[in-house]
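Undergrad: Have a look at this prediction, sequence included:
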Amino acid sequence: MRVKLFFSEAFRSIAANLSTSVAAVMTVLIGMFLLGLFIVLGSWVLSWTNSVKDDLVVNVYFCTDRTCEKEASQQQIDAVANRLNDHPDVGSFDFISRDEAWAVMQERYPELTENAPRNPLPASFKVFPEDAQRVQELAASLEPFPAGVEKVDYGEEKADRVLHWAYIIGGTVLFGSLVLLVSSVILIANTIRLSIFSRRHEIEVMKLVGATNWFVRAPFMLEGLLCGLVGSLLAVTLLFAADRIALSRVLGGNDGVEPWALPLVAGVMVGISLLVGAVGSGITMRRFLRI
């Protein structure tokens, strides 16, 4: 019975303060749509940086009879493989023989290999780190080079550039999400504050006749929840329309690079808007309950 009363009071408040309620809904709509759009774009960018980081590898090149006194033996290659197997920073590694490397070279650069008298390429291990951000540490841990290894290369310039931008993009996404979230909380709280202020005399009377704080607060929290729910559902609808019109075309076409699924983003938007609506209305009630 009390729940029914709370809902009837919430709907009555919304109807009585329709312009303020519409403002609250529009605030949620704009804030949650921008937040959802930022989540989609931010998650796509993070997915892209992760796919780029997956390309960071450590190449272990073995000696040939042209670069060292003698070519690396199978025993030396097996010793390096055992060392990589036991290394905690190694996720996986592939062995590329001299013939395999030469075949790839011939396929990619036939004009450079057609007149070559012999295969100059060394055998190598392509080592994939467990954590791409530790690629430099992985390469450094292989020094001094094991017997039979000519050099270890991890593309230092590319790795540093990729990791640098990954840190910047990750920090930007986190900061932007926090700014949008805080802005939404402030805007929604201020909008609901107007609704509460317009009924401040009614709240005072309720307190004077013995109403508890939660009895007074509950209808306003429900009002905030309803405004948040309606605004977030409209924002979700708008986000799905934006995806259909533009987002899927702009962000599509990259294998392995995808933003968060829209149903997941929609769930996050609805959950955050409900929380913001309830917290915003609850916080703004505090000053009016001190009678």
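TA: Great, that's in hand.
Undergrad: so what's the residue most central in space within the chain up against?
TA: Here the mean C-alpha position of the chain is nearest to the C-alpha of residue 43 (CA atoms, centre = their mean), at a distance of 3.9 Å. Residue 43 sits next to 173, 259, 260, 265 when contact means CB atoms under 8 Å, 6 or more residues apart in numbering. Quick note: C-beta positions are derived from backbone N, CA and C, even for glycine.
Undergrad: any idea how far it is from residue 262?
TA: 11 Å (CB to CB, to the nearest Å).
Undergrad: ditto for residue 84
TA: The gap separating residue 84 from residue 262 is 41 Å, by CB to CB.
Undergrad: Could you do residue 22 as well?
TA: 26 Å.
Undergrad: So for the two, which sits in the more crowded spot?
TA: Neighbours per residue, other CB atoms under 10 Å: of residue 22 and residue 262, the larger number sits with residue 262, 19 against 15.
Undergrad: From what I see, that one and residue 241 are in contact.
TA: No - in this structure residue 262 lies outside contact range of residue 241 using CB atoms under 8 Å: 11.0 Å.
Undergrad: Look up phi and psi at the closest residue to residue 59 other than its chain neighbours.
TA: Once flanking residues are discounted, residue 59 sits nearest to residue 153: 4.9 Å by CB to CB, 6 or more residues apart in numbering. Backbone dihedrals for residue 153, given as degrees, to the nearest 10, come out at phi -130, psi 140.
Undergrad: now residue 146
TA: Torsion angles, degrees, to the nearest 10, at residue 146: phi -60, psi 160.
Undergrad: Who are the contact partners of it?
TA: 76, 79, 80, 83.
Undergrad: Report the buried members of the residues you listed.
TA: Buried by 16 or more other CB atoms under 10 Å: 76, 79, 80, out of these.
Undergrad: can I get those residues in TSV with pLDDT and distance to residue 48?
TA: What follows is the buried ones among the contacts of residue 146, written out as TSV (pLDDT from 0 to 100; distance: CB to CB, whole Å):
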residue	pLDDT	distance to residue 48
76	88	39
79	89	38
80	88	33
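Undergrad: coming back round to it: need the contacts of residue 146 in CSV with secondary structure and distance to residue 106, can you?
TA: As requested, the contacts of residue 146 are exported to CSV (DSSP: H, G, I helix; E, B strand; the rest coil; distance: CB to CB, whole Å):
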residue, secondary structure, distance to residue 106
76, helix, 26
79, helix, 30
80, helix, 26
83, helix, 31
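Undergrad: Among those, find me the one that's closest to residue 95.
TA: Using CB to CB, residue 80 is the member of the contacts of residue 146 that lies nearest residue 95, at 9.5 Å.
Undergrad: my guess is the closest one contacts residue 60, does it?
TA: Yes - with contact defined as CB under 8 Å, residue 80 and residue 60 form a contacting pair (6.4 Å).
Undergrad: Please tell me how far residue 109 sits from residue 59.
TA: 18 Å.
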